[in-house]
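Peer 1: Sequence first, then the predicted structure:
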There are 2 protein chains.
Amino acid sequence: MERDVILREVGMRDGLQMVKSIFPTDAKKQWIDRAVAAGMPEIEVCSFVPPHVVPQFQDHEEVVRHAQTHPDLLVSALVPNAKGAERGFMLGVDKLNFVVSASETHNQKNVKCTTEQSLERFDQIMEVRASKPEYAKTEVCSGVSTALGCTMEGEIDPKRVMWLIEELLKRGATEIGIADTVGYANPAQVKTMFTNAIAAFGADVIVAHFHDTRGLGLANALAAYEAGCRKFDASLAGLGGCPFAPAATGNVVMDDLVFMFEAMGVKTGIDLDALLSVREILESNLPDEPLHGMVARASVPKGFVPASMAAAAE
Amino acid sequence: MERDVILREVGMRDGLQMVKSIFPTDAKKQWIDRAVAAGMPEIEVCSFVPPHVVPQFQDHEEVVRHAQTHPDLLVSALVPNAKGAERGFMLGVDKLNFVVSASETHNQKNVKCTTEQSLERFDQIMEVRASKPEYAKTEVCSGVSTALGCTMEGEIDPKRVMWLIEELLKRGATEIGIADTVGYANPAQVKTMFTNAIAAFGADVIVAHFHDTRGLGLANALAAYEAGCRKFDASLAGLGGCPFAPAATGNVVMDDLVFMFEAMGVKTGIDLDALLSVREILESNLPDEPLHGMVARASVPKGFVPASMAAAAE
């Protein structure tokens, strides 16, 4: 399947970590199966954290092994430290995502250490990776959270974000997510940040991770796309947030993002109708969670032909 | 007040025409007063239609006269025909907005005549305007609705939109709204349409009128801005829609649009905090209507300084 942009489903991790009830393992497997069938190229399936910290991911081994039955799926997972990373290396996931905050204060709240200490933790992960040859098949990546603003510090110096990206790449990361964790970003800021980051580090290593807290999620995604970004995180029905960032509800809605790109002629390789139907799994397993998404409510325009479908029909 | 873009409040007309309960005249006056105090440069205060068709606007004379007490406010109103327009000319409103649909089918449903007949009605309005010298102080403008897609016809040929704009300008219109009445537009389509329209007719005469039906309202506004558009319709709390366009709920949310522009450094001349407080009037008078707006829910970012406020402080 031809793709102009790579979309990464993060709702199963970023979304479910915010959900109080335990999402059934079988439902996670169904979600993976149906997202893959719809064309989703990459899913962050869990976080390797101790079950007593986030019980939602106690089934991580079973979920990862199931995801790995799909040969075309890139299976990724979040890791907070070397111990979690070792679980990921042992399971042979394709990609591990570490997180460090551009905001010193947010980093302290989120992972209880300074950003410098977070960089040391990243080094420890890379040391574990180097300890066994079979671990080398797993890429290690990182997100830079609160990169476009912080609820505690307010504005974040873009130079600090550039410095963190450079440090992480130097230490072996192969992809960096620039994350608007709390939905503070605006399109002008995004365009400048992504233009500079892509000029310095290349489009291959930069990922956009936006939240829709203040309604600008899709406008920011558009601005990042125009700046040359071709990798985007989003979550089905906009599940997600950050437990330490007040009101930071809602990743960009994956289904609406797919609609925007496909309508613009930008091929996501994802079948929008098939993706929209995956929402059923969330509806039946998360009856008390607010599910977002405007296309799901309004349906696609009359006569709408997604770019990916048009390309496939040629 | 310096402005980089002109925002036009259409919720009082496009929004209230969808509301079943009669919005109290005093509340309309308060809305006007507080919107003007917040810096709103233009408000479409009513539609000149017979009270038995839309009872919501039976108080149009009182509302218009009140709006006219604000010397800096551009007072506009919708008119379906020459009879309605004559009311507007007699009251001396600053601007009358006519509407014709790019979709023949939508025009038939909306105003029960062909688009050619709509153009003749526009001519009749201009004839009435020419009949008395004092009518000349009122500008006549038009919206081209369903310009970016129609729930009945699907895609609309952009050439037809360009033709309609040209016809309306030739017949004396001084400003044309390109309206995505049913929320079908995408940013790539918007960028092309607005780039072409502005190249052909100039930025002064082109207005963007978007609905947020499929979540792309702000992304489309961004695309139009990037294409050179500097005039935008929106409605407080996203009130609005079209009775003949199924699921066409919600104009772009004015408060979120102001936030987007001000955050980008684009001066709207509107005080966002003051504007957000105007929502109280809708909350207390429309208890059963869904009010939209992400900034109202999440509040502005910590340390946020709107571009207009920064400029005023210099």
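Peer 2: Perfect, I can see it now. Numbering: from 1, shown residues only, chains lettered A, B, ... in the order given.
Peer 1: mind listing the helices for the stretch 151-300 of chain A?
Peer 2: A:158-170, A:187-201, A:217-226, A:254-264, A:272-285, A:294-298 (DSSP state H, counting those that start in this stretch).
Peer 1: Quick check: buried residues in the first one?
Peer 2: Spelled out, that is helix A:158-170. By 16 or more other CB atoms under 10 Å in any protein chain shown, the buried positions in helix A:158-170 come out as A:158, A:161-162, A:164-165, A:167-169. Placement of C-beta: from N, CA and C, glycine included.
Peer 1: re the thing from before, specify the stretch among the helices of the stretch 151-300 of chain A that is closest to B:V305.
Peer 2: helix A:187-201 (13.1 Å; CB to CB).
Peer 1: list the buried ones in the closest one?
Peer 2: Buried-residue list, helix A:187-201, by 16+ other CB under 10 Å: A:187-191, A:193-198, A:201.
Peer 1: B:L222 versus the residue lying closest to A:A179 once chain neighbours are set aside, what's the distance?
Peer 2: Closest residue to A:A179 apart from its sequence neighbours, by CB to CB, 6 or more residues apart in numbering or on different chains: A:H209 at 3.9 Å. The gap separating A:H209 from B:L222 is 19 Å, by CB to CB, to the nearest Å.
Peer 1: what does the stretch 51-200 of chain A put close to chain B?
Peer 2: Contact residues, the stretch 51-200 of chain A versus chain B (CB under 8 Å from any CB of the partner chain): A:149-155, A:182-184, A:186-189.
Peer 1: from those, which ones fall inside strands?
Peer 2: Per DSSP state E, strands hold no members of those.
Peer 1: ChimeraX command for the buried members of those?
Peer 2: Buried residues among these (16+ other CB under 10 Å), as a ChimeraX selection:
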select /A:149,150,151,152,153,155,182,183,184,186,187,188,189
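Peer 1: Just send the residues of the stretch 51-200 of chain A next to chain B back as a markdown table, with pLDDT too.
Peer 2: Below are these laid out as a markdown table (pLDDT from 0 to 100):
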| residue | pLDDT |
| --- | --- |
| A:G149 | 97 |
| A:C150 | 95 |
| A:T151 | 92 |
| A:M152 | 94 |
| A:E153 | 95 |
| A:G154 | 95 |
| A:E155 | 96 |
| A:V182 | 90 |
| A:G183 | 93 |
| A:Y184 | 95 |
| A:N186 | 98 |
| A:P187 | 98 |
| A:A188 | 98 |
| A:Q189 | 98 |
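Peer 1: correct me, but A:K137 touches A:G92?
Peer 2: Yes. The pair A:K137 / A:G92 is scored as a contact, 6.3 Å apart, by CB atoms under 8 Å.
Peer 1: between the two, who's got more neighbours?
Peer 2: Between A:K137 and A:G92, A:G92 has the larger neighbour count (other CB atoms under 10 Å in any protein chain shown), namely 14 against 11.
Peer 1: Check whether the lowest-mean-pLDDT helix or strand in chain A comes into contact with chain B.
Peer 2: Here the helix or strand of chain A ranked lowest by mean pLDDT, DSSP states H and E is helix A:307-313, holding a mean of 88. No. Figure legend: helix A:307-313 not in contact with chain B (CB under 8 Å from any CB); closest approach 9.8 Å.
Peer 1: Can you tell me which helices and strands that helix packs against?
Peer 2: Under the contact definition 3 or more CB pairs under 8 Å, 6 or more residues apart in numbering or on different chains; DSSP states H and E, helix A:307-313 sits against helix A:254-264.
Peer 1: So what's the gap between the helix it packs on and the chain middle?
Peer 2: In terms of CA atoms, centre = their mean, to the nearest Å, the centre of helix A:254-264 is set 16 Å apart from its chain centre.
Peer 1: which residues of chain A score low on pLDDT?
Peer 2: For chain A, the stretches flagged by pLDDT under 70 are A:241-249.
Peer 1: mind listing the strands in chain A by residue range?
Peer 2: Using DSSP E, strands in chain A cover A:6-9, A:42-47, A:74-78, A:95-101, A:139-145, A:176-180, A:206-210, A:231-234.
Peer 1: For the residue nearest to A:Q68 when sequence neighbours are not counted, which residues are in contact?
Peer 2: Closest residue to A:Q68 apart from its sequence neighbours, by CB to CB, 6+ apart: A:V75 at 5.8 Å. A:V75 is in contact with A:42-43, A:45, A:64, A:67-68, A:93-95, counting by CB atoms under 8 Å, 6 or more residues apart in numbering or on different chains.
Peer 1: Mind putting the strands of chain A into CSV with distance to A:E280?
Peer 2: Listed next are those as CSV, based on distance: least, CB to CB, whole Å:
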stretch, distance to A:E280
strand A:6-9, 16
strand A:42-47, 17
strand A:74-78, 23
strand A:95-101, 27
strand A:139-145, 29
strand A:176-180, 28
strand A:206-210, 25
strand A:231-234, 18
